[in-house]
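Student: Need coordinates for the below:
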Amino acid sequence: MAPAIGGYAESVVSQAILHLERSGREPSAPPPSELAELEPLARRLLASQGREPSVWPGLRIVTTGRPGPMAKGTVDSLSLALVISGSKCALVDGREYRYDASHYFVLTSAAVVEARVLEASPERPYLAILLQLPPAMVAKTLAALSQLERDESPAEDVPAYVARVDAELLRAACRFLRALDIEADRKILAPLALEEIGYRLLTSPHARALRRASLDARDGQQILQAMEWMRANAKEPLTVSSIARRAGMSASHFAHCFKELARVSPMRYLKRVRLEQAEQLLLGSATRASEVAQRVGYRSPSHFTRDFKTHFGVPPAQFARTRYLDSE
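Tutor: Numbers count the residues shown, from 1 in each chain. Coordinates of the predicted model:
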């Protein structure tokens, strides 16, 4: 999990908001050196881990040697597509977005997206990283930003946006990929780099509606506290109504505020928490998948297996065997 944002980070965020209040111009194109550094890191991870690296659920390496037809997919949280070579277009809620190595693509919440590669060849394949950001990290960052930006002018809450890539974002992405190589770095440095990536995305002028999030300070703190309580009590049979009552909010208002801040629904977030806890149990012991399912709050082992495979790419038993072999 990403660490909480402290006083130093809030100071940095404040400086960024002041910068955003200037002309609103997009950053200049990234120096070639940043992309040149990112490409071998992505290719090395692709060669060692495949398209869906087990070392970091929510990360995908996308590559193909030719353009293709539209394909439909889903994301579970705010997500970044960072292209290294080639170009692509995506359809979200009827809108078309085109992006390439000079422009990144952000889905601002859990969504269904249709996309196709526009430019790719065997000599220069399309290559990109797709990264889903943890909802708790997104919520903490937005809550901190909401205390610093008081712009009340209208802002459209778009389902996605495209913006010009800058060197700072690429450097953070490089730090994140490098940190995946070593277990200690993966546990300590990777979340820090991921938090910076999220911060860079959420301080973009295109994300002003997300920063406002139509929440006052009290609502934001209630949602953050509710998320912590959900993590501590994930094994219980929780419902939106029961969580909302504990937060002192109506179910409808709680669900609305939760999604505005975390960019996912409460139950989708709860499922993610349970799967992350299941991952730790499978890594830390020889517990059977059916027992793990029960311990993290699933009433149906088959439902657990299906959700786990969707999230991690493999069934829980295979996941545990693979990690055991990797550790030998």
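
Student: any idea where the helices of the stretch 101-250 of the chain begin and end?
Tutor: Per DSSP state H, counting those that start in this stretch, the stretch 101-250 of the chain has helices spanning 135-146, 167-179, 183-202, 208-212, 217-232, 240-247. These are given in chain order.

Student: Identify whichever of those helices lies nearest to residue 262.
Tutor: helix 135-146 (4.1 Å; Cβ to Cβ). Just so you know, the C-beta spots here come from the backbone N, C-alpha and C atoms, and that holds for glycine as well.

Student: Quick check: buried residues in the closest one?
Tutor: Going by neighbour count (16 or more other Cβ atoms under 10 Å), the buried part of helix 135-146 is 135-146.

Student: And the residues you listed, which is closest to residue 228?
Tutor: Taking Cβ to Cβ as the measure, residue 136 is the one of the buried residues of helix 135-146 closest to residue 228, at 8.4 Å.

Student: these two touch, right, the closest one and residue 225?
Tutor: No. Applying Cβ atoms under 8 Å, one finds residue 136 not in contact with residue 225, separated by 11.8 Å.

Student: sorry, back to before: please identify the most buried of the helices of the stretch 101-250 of the chain.
Tutor: Of all those, helix 135-146 has the most neighbours on average by mean count of other Cβ atoms under 10 Å, namely a mean of 23.

Student: That one packs against which elements?
Tutor: Contacts defined by 3 or more Cβ pairs under 8 Å, 6 or more residues apart in numbering; DSSP states H and E place helix 135-146 against helix 7-20, helix 183-202, helix 208-212, helix 217-232, helix 251-262, helix 266-284.

Student: Those helices into TSV, with extra columns for distance to residue 166 and mean pLDDT?
Tutor: Conversion of these to TSV gives the following (distance: least, Cβ to Cβ, whole Å; pLDDT from 0 to 100):
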stretch	distance to residue 166	mean pLDDT
helix 7-20	12	43
helix 183-202	8	94
helix 208-212	17	74
helix 217-232	28	84
helix 251-262	25	89
helix 266-284	29	89
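
Student: would TSV of these with distance to residue 120 be doable?
Tutor: Output for these, formatted as TSV (distance: least, Cβ to Cβ, whole Å):
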stretch	distance to residue 120
helix 7-20	34
helix 183-202	25
helix 208-212	31
helix 217-232	39
helix 251-262	34
helix 266-284	32
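
Student: any low-confidence regions in the stretch 51-200 of the chain?
Tutor: Along the stretch 51-200 of the chain, segments meeting pLDDT under 70 span 149-155.

Student: The closest residue to residue 246 other than its chain neighbours and residue 223: what is the separation?
Tutor: Distances taken as Cβ to Cβ, 6 or more residues apart in numbering place residue 229 nearest to residue 246, at 6.5 Å, with adjacent residues excluded. Distance, residue 229 to residue 223, using Cβ to Cβ, to the nearest Å: 11 Å.

Student: The helices of the stretch 101-250 of the chain: which one's closest to residue 92?
Tutor: Of the helices of the stretch 101-250 of the chain, the one closest to residue 92 (Cβ to Cβ) turns out to be helix 208-212, at 14.8 Å.

Student: Does anything pack onto that closest one? Which helices or strands?
Tutor: If you count contacts as 3+ Cβ pairs under 8 Å, 6+ apart, helix 208-212 packs onto helix 135-146.

Student: same thing but 6 Å
Tutor: Taking 3 or more Cβ pairs under 6 Å, 6 or more residues apart in numbering; DSSP states H and E as contact, there are no helices or strands that helix 208-212 lies on.

Student: Alpha carbons of it, in CSV - could you do that?
Tutor: Below are the C-alpha coordinates for helix 208-212, written out as CSV (Å, rounded to 0.1, in the frame of the first residue of the first chain):
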residue,chain,number,x,y,z
ARG,A,208,-8.8,19.2,-12.1
ALA,A,209,-12.3,17.7,-11.9
LEU,A,210,-10.9,14.7,-10.1
ARG,A,211,-9.1,17.0,-7.6
ARG,A,212,-12.3,18.8,-6.8
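
Student: next one: it to chain centre, how far?
Tutor: Put simply, helix 208-212 sits 17 Å off its chain's centre (Cα atoms, centre = their mean, to the nearest Å).
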